[in-house]
Each structure stands twice: as C-alpha cells, then as structure tokens.
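*Asks:* A structural model of the following input is requested.
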Amino acid sequence: MSRTALVAGVSGIVGNTLAQHLVAEGWSVAGLARRPPADLPGVTPVSADLLDPDGLADALADIRPTHVFITTWLRQATEAENIRVNGAMVRNLLDALRANGGVEHVALVTGLKHYLGPFEAYGQGTLPATPFRETQGRLDVENFYYAQEDAVFAAAARDGLGWSVHRPHTIIGYALGNAMNMGVTLAVYASLCRETGRPFRFPGSAVQWNGLTDMTDARILARQLAWAATTPAARDEAFNIVNGDVFRWSWMWGRIAEWFGLEPAPFDGTILPLERQLEGAEPLWAELAARHGLQESDLGRLASAWHTDADLGRPIEVITDMSKSRRLGFLDYQATDAAFFDLFARLRAERVIP
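*Replies:* Prediction:
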C-alpha cells in the first residue's frame, strides 16, 4: 500500500529525523517548514507558514498525504499566546488538507509538559505522581499542548481520521538553530570548557543530579510515530515515548565529560545555570569556530541554554512509563549515553564542534 507523509516542522530535530526514517522505510515524504531544508534526499520541500491560511492552502494544493505528522510549535511570550498561535497552526494545517482529501491519520508530537505544566507554571502546583502514565488526566491549567490536541481531536471527529499523540521527554537529536536542543547545547558547552580550561560543571539541581530520569532519542520517537500511524491497535491513542533506560545525571555527566576528554567538576548542590555560565561567550565561540573551521560561528544558533537549564534545574523527579505502547507491540530501545555519543560524533564529523 502506498503511504504518503506530510511532516510539518521538517527543519526541527523531530521532523528532520522522522522524514529521513520514513524515506528509508519506503514512504513518499513531503517536508513542510517556513524554510524547509533542501538537502534531505527523497523529501519534497514545501515552504509555507502555518499561520497564513491562504498561503498554506496554495502551498499544499498538490500535496495529498495519507498521513500527517505535526512536529512543530512556536514559542510565544505568554501561555495565552502559545495557546492562540499553536492551536491555530494545527487547525490551519488540517483545514488546508481537508480540501485535498485522502488523510487517514494525524500524529501530533507534544511532550511531558502535558504532565508538568507550561513554561509559566512549569513543575508547579499539584502534579501527577511519577512515573507519568498516559492515563493521568490533564492538569487544571491552561496549556498549549492541550489546545493542539483539541484541534487534532476536532478534525478527527469531523473528518473521520485516526490520530495519535506522542509525548517525548527531552529529545536528543541533530538540528541546528533549534529552540530546544540539549544535546547540541551540552556539546557546545563541553567544547568551550575543553578549549578554555573552564570547569565542566553540572548546571542543574541536586534533585536532577541525584534522582532518576530518562530521555528520548529522536530516532526512537520517529520509529514510534511511524508504528502508531500504521498499527490499527494504536489508533486514537496517546503514547509516552522514552529510550527505555533510566539514569542519574551524576553518572551521565561523567560519561559526557569522558567523551570530550574532560574531568567533570565536583557538584556541590548549587545551581549555576548555563545561561550564566555562557554569558559573554559569543566571541569565544566565534574565535573557536574560526580556528577550527566550524560551520556555525553564532553561539546563539547552537546553544539553547534556557531550555537545558529548565530541564536540568527541575526540583522534581521525572520518570516516564512506557507500558502502554510496549503492550501493543512497540518494543524498541535506545541507550541514552549512546544516543548522546552518536549525536556528538555526528556534530564533530559535520564540523559543528571541534
């Protein structure tokens, strides 16, 4: 059976990885973004703004996907604006595709802020007990993830589509200029520490240093997206998605340091955010990039310190349950330290880091 995918957000970590996975699996793939990459073999680039309904309809006039994967969002100044803008993006996309017909399934990628709350109330109030399970209901707080879900649910009910929702933890994967990119951020930080002799210091909280946690490789998320979109038992379900292992940052920090040839600095329990540690480091990175012939000299396009600080500074344990999709047959596993190492090796091979 011929399967045609439209990946919205193809320039991001998830969309880029997903598009490559689907092409490798024999899908026909179109990749939508405001500035879609032109160097993804087998992916038809579609340039459009999800907030421009007319332009979006024109750009998608000849695109008739059987499966739609929504992997994008736009951060706004307030949660009210996040809800308005990101809900509209999903509605506009599904409305534009409705006229073309043929869509069978819509997959939406959100995340663990479904359980933890939005940026304005992150980790506050009464939170569900860990491990987070898909059966736990929504928090009693406004959240743009819920608005995105509601837009998908409404289109599915209106048009008879299948749907799936995917909730990754912090994602490890390759993308440059991405707003939420811990892997690249830590690689840049470690490279600066090695080049300048700065201590490689864990920037987060004692809870994260000592407690158990998990993460999500973009590749395992891509495989779950494709699995759910083509597995009848997974229709109309929400799924958590993590690698399958758990770790403590007290162990992982040493593993990352070892890869970069560093000695990790002792951690005394004091939070020292990366935003503060990297303050004023732009000239250092520009000089380092020039000396090593790196492809990106703008530190701001590589490091998203604010997001890494939010994750590593959490005052609560975050562990994710994967039983639901396991019971339905999705059994993939990825060791998290190997996920970091694979990313670091690619960043070095493509001259993003020295």
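*Asks:* hey, which helix is longest across this structure?
*Replies:* Selection of the longest helix in the chain by residue count, based on DSSP state H, yields helix 79-98.
*Asks:* Would you confirm that Tyr174 contacts Ala345?
*Replies:* No. At 10.5 Å, Tyr174 and Ala345 do not qualify as touching, with contact defined as Cβ atoms under 8 Å. Every C-beta, even on glycine, is put in place using the N, C-alpha and C of the backbone.
*Asks:* which of the two has more neighbours?
*Replies:* A count of neighbours by other Cβ atoms under 10 Å puts Tyr174 above the other of Tyr174 and Ala345, at 20 against 11.
*Asks:* who touches that one in this structure?
*Replies:* For Tyr174, the contacting residues are 13, 16-17, 183-184, 218, 343, 346-347, by Cβ atoms under 8 Å, 6 or more residues apart in numbering.
*Asks:* Repeat the analysis, applying 7 Å as the threshold.
*Replies:* By Cβ atoms under 7 Å, 6 or more residues apart in numbering, the residues touching Tyr174 are 13, 343, 346.
*Asks:* Whichever of these end up buried, select them in ChimeraX.
*Replies:* A single ChimeraX command selects the buried members of the contacts of Tyr174 (16 or more other Cβ atoms under 10 Å):
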select :13,343
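*Asks:* Does Asn240 belong to a helix, a strand or coil?
*Replies:* strand (DSSP: H, G, I helix; E, B strand; the rest coil).
*Asks:* so Tyr145 is in which element?
*Replies:* helix 144-159 (DSSP states H and E).
*Asks:* Compute the inter-axis angle for the helix or strand just after that helix and helix 144-159.
*Replies:* Using DSSP H and E, the helix or strand that follows helix 144-159 in sequence is strand 162-168. Angle of strand 162-168 versus helix 144-159, following axes from the mean of the first three to the mean of the last three Cα atoms, to 10 degrees, is 170 degrees.
*Asks:* And the helix holding Tyr145, what does it pack against?
*Replies:* helix 79-98, strand 105-109, strand 162-168 (3 or more Cβ pairs under 7 Å, 6 or more residues apart in numbering; DSSP states H and E).
*Asks:* Which of the ones you listed has the highest mean neighbour count?
*Replies:* strand 105-109 (a mean of 25; mean count of other Cβ atoms under 10 Å).
*Asks:* what about the helices in this structure?
*Replies:* 13-24, 53-59, 79-98, 113-116, 144-159, 182-196, 206-210, 218-230, 249-259, 274-277, 282-292, 305-312, 323-327, 336-349.
*Asks:* Pro41: which of those helices is closest?
*Replies:* helix 13-24 (6.9 Å; Cβ to Cβ).
*Asks:* Now do the buried residues in the closest one.
*Replies:* So, applying 16+ other Cβ under 10 Å, buried residues of helix 13-24: 13-23.
*Asks:* Also stretch 61-77?
*Replies:* 63, 65-73.
*Asks:* For Phe119, see how far away the closest residue to Arg167 other than its chain neighbours is.
*Replies:* Excluding its sequence neighbours, the residue lying closest to Arg167 (Cβ to Cβ, 6 or more residues apart in numbering) is Asn240, at 5.0 Å. Computed as Cβ to Cβ, to the nearest Å, the Asn240 to Phe119 distance reads 20 Å.
*Asks:* Looking at these two now, which is surrounded by more residues?
*Replies:* Asn240 (26 against 17).
*Asks:* looking at it, the more buried one is touching Thr320, isn't it?
*Replies:* Yes. In this structure, Asn240 is within contact of Thr320 by Cβ atoms under 7 Å, at 4.8 Å.
*Asks:* shared neighbours, these two?
*Replies:* Phe132.
*Asks:* ok, back up a step: buried stuff in the helix holding Tyr145?
*Replies:* 144-149, 151-153, 155-156.
*Asks:* what's around Phe267, how many residues?
*Replies:* The number of residues near Phe267, taken as other Cβ under 10 Å, comes to 17.
*Asks:* so what's it closest to, chain neighbours aside?
*Replies:* Phe202 (4.8 Å).
*Asks:* ok, now His21?
*Replies:* His21 sits nearest to Ala222 (Cβ to Cβ, 6+ apart), 4.0 Å away.
*Asks:* And Trp253, what's its pLDDT?
*Replies:* Trp253 carries a pLDDT value of 98.
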